[in-house]
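Student: I need the structure of the sequence given here:
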Amino acid sequence: MVAVAALLLLFTAPSQQVALDESFDGGVFPPPAWSETFLGVGPGWEESSGSALHDAFLGAQDSRLLTPVMDLQSFGSVWLHAVEGSLDSPFRDRNAMQVSLDGGLTFSDVYVSAIADGGGQMLELDLSAWAGLPTVQLAFHYQGDFSNQWWLESVRVDDQPYAPPPRWPHLPQRITMADGFFQDFEGLDGLFPMYLRVNALDAASRLDSADAWCNYGQLGPCTTAFGECALEMGRRPGSGPGPIMSNALIVGLNGGGGGRLLCQFNALNFGEEVDPDDGVFLSQDGTTWFALGNDWETATGGPGNLGTWQSVRVPLDSADVDTSIDFYFAIAQADNRPFADLDGVVVDDLRFFYQPELDVWSGLNNKVNLEVLRAQPAARVTFYFSKVGPGPTFTPWGALDLSRPIEILAVSFADAAGQVRITGEAPPWTSGLTAWSQAVELFNGVVVISTPNTFVLP
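Tutor: Numbering: from 1, shown residues only. Below you'll find the model as predicted:
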């Protein structure tokens with residue numbers, strides 16, 4: 001429990017004054033200057049694996065575990081930072097924290113626990129109403145007559161307000177260029193490049209948890225779209241239902257000055273429910289995150305596609321994050337059930353690239369000029385057009401901004417700079433007609449649709 005307490009303190013500012021700091025691992029219980037009162041049958045509070053535990057004994061349980069009396073006369077503010085846990089919470093009668101100012105003769109409720117099962121749950125309370133008083137004592141009051149465990153992993157009282165932990169505390173240490181990025185999770189041997197980091201956390205505390213499953217081959221064999229490795233996210237297999245675990249892959253990227261960035265990956269959804277930690281996120285600073293979408297079922301094409309690999313493409317468009325400079329990208333998932341047990345997500349073959357830009361303009365003598373920029377070098381580029389309207393028309397590779405019938409204008413290949421330029425002649429009878437055009441790029445099995453363009457034929 002020393003490690004848990006130490007991690008907890010990482011998320012509170014350095015205290016100017018500390019009235020109490022107890023992690024229940026000193027080998028003596030109750031700890032020095034602590035005490036216990038029994039109003040029902042025993043044995044009451046006990047030490048268990050470095051925690052103060054009230055077990056689920058039969059009979060009328062009514063016991064208080066009391067802190068030392070604290071002199072808070074010099075405190076301008078007072079905060080409790082504790083870590084608690086519970087088991088058999090549906091059978092809970094009453095687990096409460098109380099305060100006494102008269103040496104334990106009378107008590108007032110400050111907090112009544114309603115937590116779900118599981119340990120490592122943060123308890124942060126503002127006790128500033130008792131700042132400046134000389135005889136403040138806290139009591140953890142357990143009442144029950146059938147079954148319920150309640151425990152305290154650490155208790156600290158100081159004058160520092162609660163500082164919430166970062167949503168994803170583990171960020172990449174370097175930045176890499178977004179355009180052309182590709183990660184298939186093969187051959188990592190348990191180690192990521194410095195521009196990638198994974199987070200496997202308890203969702204409530206945002207601390208690392210052994211029950212969070214963020215496996216890219218370092219924890220066990222993977223479910224993959226291609227090759228031997230992919231990124232699996234969920235609760236640890238075999239752990240059973242329990243508190244929610246949150247997983248994320250964070251990528252540090254630079255957009256290279258402009259262009260519309262796209263992200264594409266293969267995803268397999270085992271039945272994930274919507275959670276605020278689900279989906280694809282962007283952040284400029286790694287602290288404030290903005291969701292581009294947080295419904296894995298919708299992203300993979302609906303309930304009919306559960307358990308099957310689907311290609312997911314996400315435009316990295318956000319009014320809050322400038323992707324032309326350094327930024328962070330996250331694929332995230334939260335789960336309360338073991339991986340692949342009606343829950344969980346797998347991601348493979350993650351790539352970033354610019355959306356090709358299509359330009360069309362008229363020249364002399366009925367000439368039509370077609371140009372694509374930012375394609376992949378050597379990619380096959382097909383130019384389509386419609387004389388009817390801007391669509392959309394849904395195709396196997398995505399939605400085209402063209403209405404049927406859709407015709408092919410030309411097919412060519414991008415040069416070493418990712419450019420294609422074609423000049424053709426429009427028939428005289430088409431003069432003055434409006435046409436809608438779009439290009440489709442194919443490179444190494446990946447299909448990318450360009451920006452659309454509307455023009456008037458010469």
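Student: Can you give me the domain assignment for this protein?
Tutor: Segmentation of the chain into domains, based on automatic domain parsing, reads 2-158, 176-354, 357-456.
Student: Serialize those to CSV and add fields for mean neighbour count and distance to His170.
Tutor: Just so you know, the C-beta spots here come from the backbone N, C-alpha and C atoms, and that holds for glycine as well. Shown next, in CSV, are those (neighbours: other CB atoms under 10 Å; distance: least, CB to CB, whole Å):
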stretch, mean neighbour count, distance to His170
domain 2-158, 17, 13
domain 176-354, 19, 5
domain 357-456, 16, 29
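Student: quick one, helices of the stretch 1-150 of the chain?
Tutor: Applying DSSP state H, counting those that start in this stretch to the stretch 1-150 of the chain gives helices spanning 2-10.
Student: burial of the residue lying closest to Leu433 once chain neighbours are set aside, as a residue count?
Tutor: Ranked by CB to CB, 6 or more residues apart in numbering and with sequence neighbours excluded, the top spatial neighbour of Leu433 is Leu457, at 4.9 Å. Using other CB atoms under 10 Å, Leu457 is surrounded by 19 other residues.
Student: was I right about Gln73 contacting Gly132?
Tutor: Yes - the criterion here is CB atoms under 8 Å, and Gln73 meets it with Gly132 at 5.8 Å.
Student: contacting residues for the nearest residue to Pro169 once chain neighbours are set aside?
Tutor: Counting by CB to CB, 6+ apart, Pro169 lies nearest to Arg206, which is 6.3 Å off, once chain neighbours are set aside. Going by CB atoms under 8 Å, 6 or more residues apart in numbering, Arg206 touches 11, 164-167, 169, 246.
Student: Compare the residues you listed and tell me which is most surrounded.
Tutor: Ser246 (25 neighbours).
Student: That one reaches Asp211, doesn't it?
Tutor: No - using CB under 8 Å as the test, Ser246 is too far from Asp211 to be in contact (10.9 Å).
Student: Residues that sit against both of the two, list them.
Tutor: Contact criterion CB under 8 Å, 6+ apart; residues shared by Ser246 and Asp211: Asp202.
Student: list the contacts for Asp189?
Tutor: Contacts of Asp189 were listed using CB under 8 Å, 6+ apart, and they are 217-218.
Student: at 10 Å what do you get?
Tutor: 217-218, 229 (CB atoms under 10 Å, 6 or more residues apart in numbering).
Student: in the stretch 351-458 of the chain, which ranges drop under the pLDDT threshold?
Tutor: Applying pLDDT under 70 to the stretch 351-458 of the chain flags the ranges 363-365, 426-430.
Student: I'd say Asn294 and Ile331 touch.
Tutor: No - applying CB atoms under 10 Å as the test, Asn294 and Ile331 come out as separate, 11.1 Å apart.
Student: Low-confidence ranges, this structure, go.
Tutor: 1-15, 190, 363-365, 426-430.
Student: can you give me the strands for the stretch 251-400 of the chain?
Tutor: With DSSP state E, counting those that start in this stretch, the ranges of strands along the stretch 251-400 of the chain come out as 261-269, 279-283, 290-293, 309-315, 326-335, 345-354, 357-362, 367-373, 380-386, 393-395, 398-400.
Student: possible to save those as a markdown table with distance to Asp21?
Tutor: Conversion of the strands of the stretch 251-400 of the chain to a markdown table gives the following (distance: least, CB to CB, whole Å):
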| stretch | distance to Asp21 |
| --- | --- |
| strand 261-269 | 44 |
| strand 279-283 | 33 |
| strand 290-293 | 37 |
| strand 309-315 | 45 |
| strand 326-335 | 31 |
| strand 345-354 | 40 |
| strand 357-362 | 59 |
| strand 367-373 | 61 |
| strand 380-386 | 65 |
| strand 393-395 | 61 |
| strand 398-400 | 57 |
